[in-house]
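K.L.:
Give me coordinates for this.
(one chain, ligands or ions: 1)
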Amino acid sequence: MTEPTDAAGVRRFPGGFLWGVGTSSYQVEGAVHEDGRGESIWDRFSHAPGRVVNGDTGDVTADHFHRWAEDVEIMAALGLSAYRFSLAWPRIQPAGRGRPNPAGIAFYDRLIDALLERGIRPCPTLYHWDLPQALEDEGGWLDRSTVDRFADYASRCFDAFGDRVATWFTVNEPWVAATLGYRLGIHAPGRRDLRLAVRASHHLLLAHGAAVRAFRTSGHDGRIGVVLSLAPTYAASRSAADAEAARGSDGYTNRWFLEPVLRGAYPADMLELFGRIAGPLDSIQPGDAELIGTPSDFLGVNYYTRRVVSAGLSHDGLPWRVEPAAPDVPRTDTGWEMTPGCLTELLVRVRDDYGDIPILITENGSVWLDSPGPDGRTPDTGRIAFLRTHVAAVHRAIEGGVPVEGYFYWSLLDNFEWAEGFRSRFGLVHVDYPTGRRLVKESGKAYAAIIAANGLLPEIVVESGPPEELAASAAPA
Ligand code: IFM
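P.N.:
Numbering: from 1, shown residues only. Coordinates of the predicted model:
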């Protein structure tokens, strides 16, 4: 499947490669009280004082609920072949259970049909963190019954949209949902306890497995898989202690999710570590790992940056410390290191360790704070460099034989960036708050050029100069 650099110097991607963008319901939709939508944990959390920068909420955000048709036109103009969005569980089942809300289904019907009319593949995520508050009140992801609720919700989505949707994502970033929501308390529902985070992560993984199983029995054609946020992890030095710390941190962020999903078993070292530090893992029952490992059709990989760790202790006893960003590595406007070379390494590692499961890059993006000038142009050169170097990194992985089948830039629109509110801008399209006016940034145009060429033109990726320098600076410590 390798498509090497062609005679014209274009780094071509395989035919049929998916070029997409991503968003999620709470981050872009707004309209939180319309058409019977129920309350989600993020409505409750964002309205609590002090939880989100500037007191921002998703009440209106990018107003995608009303402006979806315009957004589909923008996607068509960029030449996109796929759109990853999420279904808001509280729009479909306002209280998290029971008969679907017809108006909620109708919204996604309209969106899906319009995408298909423009030749854009709809790729919904079933769960991108907006749990119905009614389920949270019954225990949420700490309670095993939420897994059953989720399987039921997923089945209803397959029934409603399965005739038109060929690509399904189950759960977005269970590590982030569990760690930020239950260990660090900076995402909904705002708990701070490692024991709870481990429990929530297990139930989120079970929810993934239960949804895959429900899909298989639904009789619908199509493919389904989870979306994991993977952080290639490097030791800060060559010392044995730092190497051990890196292995632990990798186990916590990556292997705890990869291994049950792709091998049907939790990693023994992490079971031992969590059992020792967080207490008995009594939420894990016989047969659970097998359910999580129900074969999926692909792996969704979200990649933003690497992680460098050293020996030490976290506030709650995990035996590693995450190092601050290195001063000599370029950073985005949110301070995250730009390390495209680590994306290639990550993809090769996933293939080497877990075999040839097809991979979709389901998120990759960066924050830059440029805004439109008087001429309406947003010259976001940082985002363009990020995009090009990371697309090049994916191409390198494909050349190395990794079966990457698609790339979704995060995000189509500037949107509500969770606890960061609106101050972080991830979009290829600038959104003016509160008017909602959209303006495609220069990065959006650069992405359109990549899509049109199905690859990187030589003037975009050069053999020396900034992009390769960035990749080189990403070599593991
Ligand atoms: O905006 C988020 C998204 O919801 C999940 N993945 C990471 C993105 C950037 O932080």
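K.L.:
Tally up the residues packed near the closest residue to the ligand within the stretch 51-200 of the chain, please.
P.N.:
Going by CB to the nearest ligand atom, the ligand is nearest to Glu173 of the stretch 51-200 of the chain, at 5.5 Å. For every residue, glycine as well, the C-beta is placed using N, CA and C. Using other CB atoms under 10 Å, Glu173 is surrounded by 24 other residues.
K.L.:
correct me, but it touches Leu230?
P.N.:
No - between Glu173 and Leu230 no contact is recorded; they are 9.6 Å apart, counting by CB atoms under 8 Å.
K.L.:
what sits in contact with each of those two?
P.N.:
Residues touching both Glu173 and Leu230 (CB atoms under 8 Å, 6 or more residues apart in numbering): Asn302.
K.L.:
and the stretch 151-300 of the chain, which of its residues are near the ligand?
P.N.:
With CB under 6 Å from any ligand atom as the criterion, the stretch 151-300 of the chain comes near the ligand at residues Glu173.
K.L.:
now the strands for the stretch 151-300 of the chain?
P.N.:
With DSSP state E, counting those that start in this stretch as the criterion, the stretch 151-300 of the chain has strands at 167-172, 223-229, 233-235, 299-302.
K.L.:
Tell me what angle the first one forms with strand 223-229.
P.N.:
Same thing as strand 167-172. Put simply, strand 167-172 runs at 40 degrees to strand 223-229, going by axes from the mean of the first three to the mean of the last three CA atoms, to 10 degrees.
K.L.:
other SSEs contacting strand 167-172?
P.N.:
Packing partners of strand 167-172 (3 or more CB pairs under 8 Å, 6 or more residues apart in numbering; DSSP states H and E): strand 82-86, strand 121-127, helix 194-218, strand 223-229.
K.L.:
Need those in a markdown table (columns: mean neighbour count and mean pLDDT).
P.N.:
Formatted as a markdown table, those follow (neighbours: other CB atoms under 10 Å; pLDDT from 0 to 100):
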| stretch | mean neighbour count | mean pLDDT |
| --- | --- | --- |
| strand 82-86 | 25 | 99 |
| strand 121-127 | 23 | 99 |
| helix 194-218 | 23 | 98 |
| strand 223-229 | 24 | 99 |
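K.L.:
how close does Pro280 sit to the ligand?
P.N.:
According to CB to the nearest ligand atom, to the nearest Å, Pro280 stands 31 Å off from the ligand.
K.L.:
the strands in the stretch 351-477 of the chain, which residues?
P.N.:
Counting by DSSP E, counting those that start in this stretch, the stretch 351-477 of the chain has strands at residues 359-363, 404-410, 429-431, 438-440, 455-456.
K.L.:
Rebuild those as a markdown table, extending it with mean neighbour count, mean pLDDT and distance to Tyr304.
P.N.:
Below are the strands of the stretch 351-477 of the chain laid out as a markdown table (neighbours: other CB atoms under 10 Å; pLDDT from 0 to 100; distance: least, CB to CB, whole Å):
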| stretch | mean neighbour count | mean pLDDT | distance to Tyr304 |
| --- | --- | --- | --- |
| strand 359-363 | 26 | 99 | 8 |
| strand 404-410 | 24 | 98 | 8 |
| strand 429-431 | 22 | 98 | 19 |
| strand 438-440 | 19 | 98 | 22 |
| strand 455-456 | 24 | 96 | 20 |
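K.L.:
Distance to the ligand for these - can I get that in TSV?
P.N.:
Output for the strands of the stretch 351-477 of the chain, formatted as TSV (distance: least, CB to the nearest ligand atom, whole Å):
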stretch	distance to the ligand
strand 359-363	5
strand 404-410	6
strand 429-431	14
strand 438-440	18
strand 455-456	24
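K.L.:
Serialize those to a markdown table and add fields for distance to Leu78.
P.N.:
Shown next, in a markdown table, are the strands of the stretch 351-477 of the chain (distance: least, CB to CB, whole Å):
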| stretch | distance to Leu78 |
| --- | --- |
| strand 359-363 | 17 |
| strand 404-410 | 10 |
| strand 429-431 | 9 |
| strand 438-440 | 7 |
| strand 455-456 | 16 |
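K.L.:
Any idea which of these gets closest to Ala82?
P.N.:
With distances scored as CB to CB, the stretch of the strands of the stretch 351-477 of the chain nearest to Ala82 is strand 404-410 (6.3 Å).
K.L.:
That closest one vs strand 121-127, what angle?
P.N.:
Strand 404-410 and strand 121-127 are oriented at 70 degrees to each other (the same axes, to 10 degrees).
K.L.:
And strand 404-410, what does it pack against?
P.N.:
Under the contact definition 3+ CB pairs under 8 Å, 6+ apart, strand 404-410 sits against strand 18-22, strand 82-86, strand 359-363, helix 381-399.
K.L.:
what separates the helix or strand following the first one from the chain centre, distance-wise?
P.N.:
Proceeding C-terminally, strand 18-22 gives way to helix 25-28 as the next helix or strand, assigned by DSSP states H and E. With CA atoms, centre = their mean, to the nearest Å as the basis, helix 25-28 stands 13 Å off its chain's centre.
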